[in-house]
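Q: give the three-dimensional model of this entry:
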Amino acid sequence: MQTRRIGDVEVSAIGLGGMPMSIEGRPDEARSLATIHAALDTGVTFIDTADAYHLRADDVGHNETLIAKALASHERGPDVLVATKGGHLRPGDGSWTLDGSPAHIKEACEASLRRLGVEAIGLYQFHRPDPKVPYEESVGAVRDLLDEGKIRMAGISNADPDQIRQAGDILGGRLVAVQNQFSPAFRSSEPELRLCDELGIAFLPWSPLGGISRAGDLGSAYAPFARIAAAHGVSPQRVCLAWMLAKSPVVV
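A: Next comes the predicted model:
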């Protein structure tokens, strides 16, 4: 497995995103645990989750709890960097809402610490800007968590270039990762990727294969991926990930 860096931590170049295991259409727990263990067996040392990856209002943090259970039951669990997020809410009616208030972010982090069973979260990310709350206040809460030792590294998600620069300033140069949507079907985050490359900040593409509904059709939708895959005896999805990693050494 190739490796890349997030902050001062070396991680596998390919990580595992936990969201599909906890939202609509999620598999049963046994299959999810087997999936996580299979990823660890192949050398994956980076897993991304969020407190909002759940279905019901009484199910908050389902994915964090699942990942904690999987890591605790695998010999390579201690080697994994877990990244989680706060700032999104799921009321239980299928919608996604926002709360970027400092109070909520700090409470969410405390709850994530309990669910993950750790003293400090490896990478904590502000999930999405909340138009009701000044961005500097939301990121300022993440800075406080960093200063207090509740989190080891800080990141942001769904951010534009101005917000990336602003977050870097607020965090005193300690911004280590930006997680934005990026795939062959969604390439509007190219400016953010270029900025992360310039600043030496890890860029974490979410839905790199185009999302759950599109991932299976990647080869038919993008003929070059299918041709290269056939020539090398691999899947179009594997070619897509290689294409993404080749765009910059900061991509994880």
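Q: contacting residues around P27?
A: By CB atoms under 8 Å, 6 or more residues apart in numbering, P27 lies in contact with M21, T35. (Each C-beta comes from the backbone N, C-alpha and C, glycine too.)
Q: how about the strands in the stretch 101-250 of the chain?
A: Secondary structure of the stretch 101-250 of the chain (DSSP state E, counting those that start in this stretch): strands located at 123-126, 154-157, 175-181, 202-206.
Q: helix, strand, or coil at the nearest residue to G94 once chain neighbours are set aside?
A: Closest residue in space to G94, ignoring its immediate chain neighbours: E24 at 7.5 Å, by CB to CB, 6 or more residues apart in numbering. Following DSSP: H, G, I helix; E, B strand; the rest coil, E24 is assigned to coil.
Q: pLDDT score for E24?
A: Looking at E24, its pLDDT stands at 92.
Q: tell me what A83 is bridged to.
A: Beta-bridge pairing for A83 (DSSP bridges): D48, L123.
Q: what's the neighbour count on it?
A: 27 (other CB atoms under 10 Å).
Q: with the one 4 residues further on instead?
A: A count of neighbours around G87, defined by other CB under 10 Å, yields 27.
Q: picking that back up, can you lay out the strands of the stretch 101-250 of the chain as CSV showing distance to R56?
A: Shown next, in CSV, are these (distance: least, CB to CB, whole Å):
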stretch, distance to R56
strand 123-126, 23
strand 154-157, 23
strand 175-181, 25
strand 202-206, 23
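Q: would you turn those strands into a markdown table with mean pLDDT and mean neighbour count?
A: Formatted as a markdown table, the strands of the stretch 101-250 of the chain follow (pLDDT from 0 to 100; neighbours: other CB atoms under 10 Å):
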| stretch | mean pLDDT | mean neighbour count |
| --- | --- | --- |
| strand 123-126 | 99 | 26 |
| strand 154-157 | 99 | 26 |
| strand 175-181 | 99 | 24 |
| strand 202-206 | 98 | 23 |
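Q: A242: which of those is closest?
A: strand 202-206 (13.0 Å; CB to CB).
Q: just checking, what packs against the closest one?
A: Applying 3 or more CB pairs under 8 Å, 6 or more residues apart in numbering; DSSP states H and E, one finds that strand 202-206 contacts strand 3-6, strand 154-157, strand 175-181, helix 190-199.
Q: adding distance to A242, write those out as CSV.
A: What follows is the helices and strands packed on strand 202-206, written out as CSV (distance: least, CB to CB, whole Å):
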stretch, distance to A242
strand 3-6, 13
strand 154-157, 24
strand 175-181, 19
helix 190-199, 16
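Q: number of residues surrounding the closest residue to G200 other than its chain neighbours?
A: Excluding the flanking residues, the one nearest G200 by CB to CB, 6+ apart is V250, at 6.7 Å. Burial measure for V250: 21 neighbouring residues, criterion other CB under 10 Å.
Q: list the contacts for V250?
A: Shown in contact with V250 (CB under 8 Å, 6+ apart): R4, L193, C196, D197, G200, I201, A202, F203.
Q: which helices and strands sit right next to the longest helix along the chain?
A: Secondary structure assigned by DSSP state H gives helix 102-116 as the longest helix of the chain. Packing contacts for helix 102-116, counted by 3+ CB pairs under 8 Å, 6+ apart, involve helix 62-72, strand 81-86, strand 123-126, helix 135-147.
Q: just the C-alpha atoms of it, please, in CSV.
A: Once non-C-alpha atoms are left out, helix 102-116 reads as follows in CSV (Å, rounded to 0.1, in the frame of the first residue of the first chain):
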residue,chain,number,x,y,z
PRO,A,102,-19.2,26.7,19.0
ALA,A,103,-21.2,25.2,21.7
HIS,A,104,-22.5,22.5,19.4
ILE,A,105,-19.1,21.7,17.9
LYS,A,106,-17.6,21.3,21.3
GLU,A,107,-20.5,19.1,22.6
ALA,A,108,-20.3,17.1,19.4
CYS,A,109,-16.6,16.5,19.9
GLU,A,110,-17.1,15.3,23.5
ALA,A,111,-19.7,12.8,22.3
SER,A,112,-17.4,11.6,19.5
LEU,A,113,-14.6,11.1,22.0
ARG,A,114,-16.9,8.9,24.1
ARG,A,115,-18.1,6.8,21.1
LEU,A,116,-14.7,6.3,19.7
